[in-house]
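Novice: only the shape, not the letters, is given here:
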DNA sequence: ACCTGAACACCGTTCAAGT
DNA sequence: ACCTGAACACCGTTCAAGT
């Protein structure tokens, strides 16, 4: 990677982080390029899809989240996960993106470990799968009062 | 309402129903107008927002859903609600729209009645509110395997 | 009273031309 | 090898001009 290319890449990620924070994950990519001072073509070569850019922006955050798994219970970790998924909608998109395969795998193994432990302890139903949890989190993240809804889902509406 | 205006209105709703079915609730409004054979301005006067058009398109469906409430349990009705919310994403948008206030009120009273009955019977936790259910449904509707997730939320992940 | 459709400011995306 | 930015086809939305 040439020096100027590397510089553009980094600057695009930084700028995109700011723009996504301001305007959400649907923010205009042209504006990201504009603010970064590059042409739209430059953005598109570095990041062929919007998801690729989202993954680059949120990768660090995801890695941190995975690192925290070992110090938490499943329920605690899911709540933190939800906070991230809520504050930047990009995290949900990242989960579905093929360019975020490594992030996805890391999250999977982090969640999988916590889930297995909880199930062995009899705290969580045996038929629950990792994908159930991911899809629950990313689905609820879009809704208002998402944390309340997560509590509801964890405890169960019926009783 | 003048005769031609009424005709345009009806034709727009019919066309929009087809277009939304094909391309989802984010379909181009210009294309709806194009297919209906009217100018975009005509569409915008009849339906000042996209939500207004969505409400008009799905009103009938919502009324049916409300009518079915009396013959179902809460859990059954929520599942049917979720099917609607899944197959046309417009139903979720309708819930949030101010131009769908009457639909919203109807859904509210239908769900409220079922919820109260279930709570009196001790089948549902006393602290659950109607809004919890609405937001849960509309949130989960976006996710893959939404029905599975609803079952999970009803029964509870933890156990 | 209602409709038309050109017009505006935007968007995502591509690609020839430059350095 | 990488960048530029004009260009294309679209979008939502508005509004003067028509009937």
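Specialist: Received, thanks. Remember, predicted model here, so these are calculated numbers, not experimental data.
Novice: give me the packing partners of the strand or helix carrying residue A:101, helices and strands only.
Specialist: Using DSSP states H and E, residue A:101 sits in helix A:101-120. The contact analysis (3 or more CB pairs under 8 Å, 6 or more residues apart in numbering or on different chains; DSSP states H and E) places helix A:101-120 against helix A:50-68, helix A:74-87, helix A:90-96, helix A:130-141. Placement of C-beta: from N, CA and C, glycine included.
Novice: surely residue A:115 meets residue A:134?
Specialist: No: Residue A:115 lies out of contact with residue A:134 (CB atoms under 8 Å); the separation is 10.7 Å.
Novice: returning to what we had before: tell me how far the helix holding residue A:101 is from the chain's mean position?
Specialist: Its chain's C-alpha centre and that of helix A:101-120 lie 14 Å apart, by CA atoms, centre = their mean, to the nearest Å.
Novice: what's the local residue count around residue A:100?
Specialist: When neighbours are counted by other CB atoms under 10 Å in any protein chain shown, residue A:100 registers 23.
Novice: isn't it right up against residue A:55?
Specialist: Yes: counting by CB under 8 Å, residue A:55 is a contact partner of residue A:100 at 4.0 Å.
Novice: ok, residue A:145 - contacts?
Specialist: Residue A:145 makes contact with B:131, B:132, B:135, according to CB atoms under 8 Å, 6 or more residues apart in numbering or on different chains.
Novice: next, count neighbours for the residue of chain A at minimum distance from DNA strand D.
Specialist: Closest to DNA strand D within chain A is residue A:41: 2.0 Å, counting by CB to the nearest atom of the strand. Using other CB under 10 Å, residue A:41 has 9 neighbouring residues.
Novice: pretty sure it is in a strand, no?
Specialist: No: assigned with DSSP: H, G, I helix; E, B strand; the rest coil, residue A:41 falls outside any strand and is helix.
Novice: quick one: contacts for it?
Specialist: Counting by CB under 8 Å, 6+ apart, there are no residues that residue A:41 touches.
Novice: can you do 10 Å?
Specialist: residue A:33 (CB atoms under 10 Å, 6 or more residues apart in numbering or on different chains).
Novice: picking that back up, buried ones from the contacts of residue A:145, can you make that a ChimeraX selection?
Specialist: In ChimeraX, a selection of the buried entries from the contacts of residue A:145 looks like this (16 or more other CB atoms under 10 Å in any protein chain shown):
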select /B:132,135
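Novice: centre-most residue in chain A?
Specialist: Computing the C-alpha centroid of chain A and ranking residues by CA atoms, centre = their mean puts residue A:91 first, at 2.3 Å.
Novice: count of residues packed around the residue nearest to it when sequence neighbours are not counted?
Specialist: Leaving aside its chain neighbours, residue A:91 sits nearest to residue A:85 (4.7 Å; criterion: CB to CB, 6 or more residues apart in numbering or on different chains). Residues within reach of residue A:85, counting by other CB under 10 Å, total 23.
Novice: ditto for residue A:138
Specialist: 23.
Novice: do the same with residue A:92
Specialist: Counted with other CB under 10 Å, residue A:92 comes out at 23.
Novice: isn't it up against residue B:142?
Specialist: Yes: using CB atoms under 10 Å, residue A:92 is in contact with residue B:142, at 9.4 Å.
Novice: between the two, what contacts are shared?
Specialist: Common neighbours of residue A:92 and residue B:142 (CB under 10 Å, 6+ apart) are A:135, A:138, A:139, A:141, A:142.
Novice: dump the residues you listed to a markdown table, plus pLDDT and distance to residue A:48.
Specialist: A markdown table is the format used below for the shared contacts of residue A:92 and residue B:142 (pLDDT from 0 to 100; distance: CB to CB, whole Å):
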| residue | pLDDT | distance to residue A:48 |
| --- | --- | --- |
| A:135 | 93 | 26 |
| A:138 | 92 | 23 |
| A:139 | 93 | 27 |
| A:141 | 93 | 25 |
| A:142 | 88 | 25 |
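Novice: okay, now the domains of chain A?
Specialist: Here the domain assignment for chain A is A:1-48, A:57-159, based on automatic domain parsing.
Novice: tell me which of the ones you listed sits most buried.
Specialist: domain A:57-159 (a mean of 18; mean count of other CB atoms under 10 Å in any protein chain shown).
Novice: and DNA strand C, is that domain touching that?
Specialist: No: if you take CB under 7 Å from any atom of the strand as the test, domain A:57-159 misses DNA strand C, and the best it gets is 13.0 Å.
Novice: ok now that domain, how far from the chain's centre?
Specialist: With CA atoms, centre = their mean, you get 9 Å for domain A:57-159.
Novice: who touches both of residue A:115 and residue A:134?
Specialist: residue A:78.
Novice: now chain A against chain B: closest residue?
Specialist: residue A:156 (2.2 Å; CB to the nearest CB).
Novice: alright, calling it a day.
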